[in-house]
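> Give me the fold of what follows.
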Amino acid sequence: MYDIGTLETAGRRMRELCHPAAAQPGRESAVPLRPEDAAPADTPPRSTETTATAARTRTATLAGAPREQAAPRPPETTARTRTAALASAPREQAAPRIPQTTPQTPGKARAFQAQGSVQAPPAAATSGEKAPAALEKPAEAHPPQAQQARQPTRLQQTDAKRLLRAAGLRWTSSGKCANRQGRNCTSLEAVRSATVSSAIELKRRSGCPLVVTGGTEVGHAPGPYSHYAGYKLDIKPNACINRYITKNYPAQGVRGDGARLYGQSATSGPLFAREADHWDILFR
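You can find the predicted model right below:
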């Protein structure tokens, strides 16, 4: 049999080993003692093995109890995240600064204006100012090659005669023919339309009777502005047309064959050459 005092001492020792905080005076035990751990006065003391078994069971229960989970901490904003947030945030535009004007004396103001008028560079011309200059630029004349490349309008014999007859002009031939290849014929085949129109205009302005004696037939001097090319007509002279030509067209010298020339210009407009029995007229 064990002594009661010895058992109480052994139980107290086991409690101190299992719960060291309970053995310190003035502090409350971190783990409260269960009712079965405290031995009442009228209850017989437990054995050392029973007390040790109860202590181990209590320790296992505390170890197996679920722990309270700590509340999740909010994610910390890293320096990179803060930098990206600041970069994406719209920036406030600074209020425009109002230039401060300092009062100037009249003398200084006049000097500043004079200096600005001297040192200020000339303003560049805008597109609106350049437009009139571009419009005022004269159109370039077509080169002689381009003028020669443009083929004039040609008329057939019947069409040319019909136009001359309608304007009051007549024609005659020493050979009584209109064959272009006959020297004694008067042909209007392939004559320029401008040549016929100029002859009709000469008849209208002068008011004189005109008779055509030579056209595009062979037998005349060759050249790019010749009879055969459709630029010339021969007109029978009379007092009316002689007076009109010599009065309205100044003399332009003498041709190589001795014929006197009349016209407004030697290079443009009609040019009249007075031959022995007819007027040789170049219509340009």
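> Strands of the chain, residue ranges please.
154-155, 170-171, 191-192, 211-214, 232-235, 251-254, 260-263, 271-274, 279-282 (DSSP state E).
> could you dump those strands to TSV with distance to R13 and mean pLDDT?
Quick note: C-beta positions are derived from backbone N, CA and C, even for glycine. Listed next are the strands of the chain as TSV, based on distance: least, CB to CB, whole Å; pLDDT from 0 to 100:
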stretch	distance to R13	mean pLDDT
strand 154-155	148	96
strand 170-171	164	94
strand 191-192	149	97
strand 211-214	163	97
strand 232-235	157	98
strand 251-254	157	96
strand 260-263	156	96
strand 271-274	155	97
strand 279-282	155	98
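> Could you report the neighbour count for the nearest residue to C240 once chain neighbours are set aside?
Distances taken as CB to CB, 6 or more residues apart in numbering put C208 closest to C240, at 3.6 Å, once the chain neighbours are dropped. A count of neighbours around C208, defined by other CB atoms under 10 Å, yields 16.
> Likewise for R162?
Neighbour tally, R162, other CB under 10 Å: 12.
> lowest-pLDDT helix or strand in the chain?
helix 127-136 (a mean of 44; mean pLDDT, DSSP states H and E).
> coming back round to it: for the residue nearest to C240, give me its contacts.
Applying CB atoms under 8 Å, 6 or more residues apart in numbering to C208 gives the contacts N238, C240, I241, Y244.
> Look up how far S268 lies from it.
Remark: distance between C208 and S268 (CB to CB, to the nearest Å) = 23 Å.
> and if you look at R154?
From R154 to S268 the distance is 22 Å (CB to CB).
> tell me the pLDDT at the residue nearest to R192 when sequence neighbours are not counted?
The shortest distance from R192 to any non-neighbouring residue, by CB to CB, 6+ apart, is to G230 (4.1 Å). With respect to pLDDT, G230 has a value of 96.
> Could you check stretch 277-284 and say which residues are buried?
Within stretch 277-284, the residues scored as buried using 16 or more other CB atoms under 10 Å are H278, W279, D280, I281, L282, F283.
> Identify the bridge partners of the nearest residue to the third one once chain neighbours are set aside.
Here the nearest residue to D280 in space, its sequence neighbours aside, is A273; by CB to CB, 6+ apart that works out to 4.2 Å. Each beta-bridge partner of A273 is listed here: L261, D280, as defined by DSSP bridges.
> P152: neighbouring residues, count only.
If you count neighbours by other CB under 10 Å, P152 ends up with 13.
> same thing with the one 3 residues further on?
The local packing count at L155 equals 20, with neighbours defined by other CB under 10 Å.
> Enumerate every residue touching it.
L163, L188, A190, V191, R192, S193, V196.
> if you look at these, which of them are in helices?
L163, S193, V196 (DSSP state H).
> gap between the second one and F283?
Here the distance between S193 and F283 works out to 11 Å (CB to CB).
> before we move on, what about the last one?
As defined by CB to CB, V196 lies at a distance of 9 Å from F283.
> count of neighbours near the residue nearest to R192?
G230 has 25 nearby residues by other CB under 10 Å.
> Now the phi/psi pair for it, please.
phi 90, psi 10 (degrees, to the nearest 10).
> Return the residues in contact with it.
By CB under 8 Å, 6+ apart, the contact set of G230 is P152, R154, A190, V191, R192, T195, T216.
> Narrow those to just the buried residues.
Taking 16+ other CB under 10 Å as the criterion, what is buried in the contacts of G230 is A190, V191, R192, T195, T216.
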